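starting from these lines, generate the structure:
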Amino acid sequence: MMTRGHEGPEMEIFHLLRAVTVEYGLRQAEFAAGHGMHATDVRALICLLDAERAGIDATAGFLGAGLGLNSAGTTGVVDRLERLGLVSRVRDVKDRRRVLLRVEDRAKELGWSYFGPLIDAAVTVLSGFDERETAAVRLFLTTTLDALTAQDR
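I've put the predicted structure just below:
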């Protein structure tokens, strides 16, 4: 266990991670402002895109839980994104009582036009890593994320 004030290579890596997250947050805020959104709207789009990639049917309740918002706050986010043409509400074909949230292609195109160069740069760097290096990066990020989300419980 490290003591406070320890400045070894582990802390350097942690500080780099923090710098990356701060810079990424700034880019998200710039993207949001440039497209008439709130920062929470960008987080909502990320949450919905992650659900889509995982094959999860996203409802307003799912989104609210992911964002830590109450029902009224979630409705406000979805309404804004819907007005902007970035998200739509669709009836679940398996259960017509349920309404699902779908990210529109327009949102994906906007996101890719802004964040695509960053994603490409990161993927290019990672593609040069060997299997062990990739596994180490994944393990570090996964366990750090687990530590952060454990604080929410």
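
rest of the way, CA atoms for contacts and neighbours
OK.

and the residue most central in space within the chain, what element?
The geometric centre of the chain, computed from its C-alpha atoms, lies nearest to residue 46 (C-alpha atoms, centre = their mean), at 3.8 Å. The secondary structure element spanning residue 46 is helix 39-54 (assigned by DSSP states H and E).

I'd like the next helix or strand past that helix.
Counting by DSSP H and E, the next helix or strand C-terminal to helix 39-54 is helix 60-67.

please identify which helix or strand holds residue 90.
Taking DSSP H and E as the definition, residue 90 sits inside strand 87-91.

enumerate the beta-bridge partners assigned to residue 90.
Partner residues in beta bridges with residue 90, using DSSP bridges, are residue 100.

so how far is the longest helix anywhere in the chain off the chain centroid?
Taking residue count as the measure and DSSP state H as the definition, the longest helix of the chain comes out as helix 9-34. Taking C-alpha atoms, centre = their mean, to the nearest Å, one finds helix 9-34 lying 13 Å from the centre of the chain it belongs to.

got the angle between that helix and helix 39-54?
Going by axes from the mean of the first three to the mean of the last three C-alpha atoms, to 10 degrees, helix 9-34 is angled at 110 degrees with respect to helix 39-54.

show me what helix 9-34 is packed up against.
Counting contacts by 3 or more C-alpha pairs under 8 Å, 6 or more residues apart in numbering; DSSP states H and E, helix 9-34 is packed against helix 39-54.

rerun that using 6 Å as the cut-off
The elements that helix 9-34 packs onto, with contact taken as 3 or more C-alpha pairs under 6 Å, 6 or more residues apart in numbering; DSSP states H and E, do not include any helix or strand.

name the residues of that helix that are buried.
Buried residues in helix 9-34, counting neighbours by 16 or more other C-alpha atoms under 10 Å, are found at 28, 29, 31, 32.

in the protein, where is pLDDT below threshold?
Residues of the chain that meet the criterion pLDDT under 70 lie in 1-5, 151-153.

how many residues are close by residue 59?
Each residue near residue 59 was counted by other C-alpha atoms under 10 Å, and the total is 18.

please read the previous query as pertaining to residue 49.
Burial measure for residue 49: 18 neighbouring residues, criterion other C-alpha under 10 Å.

leaving out sequence neighbours, find the closest residue to it.
By the measure of C-alpha to C-alpha, 6 or more residues apart in numbering, the closest residue to residue 49 outside its immediate chain neighbours is residue 103, 6.9 Å from it.
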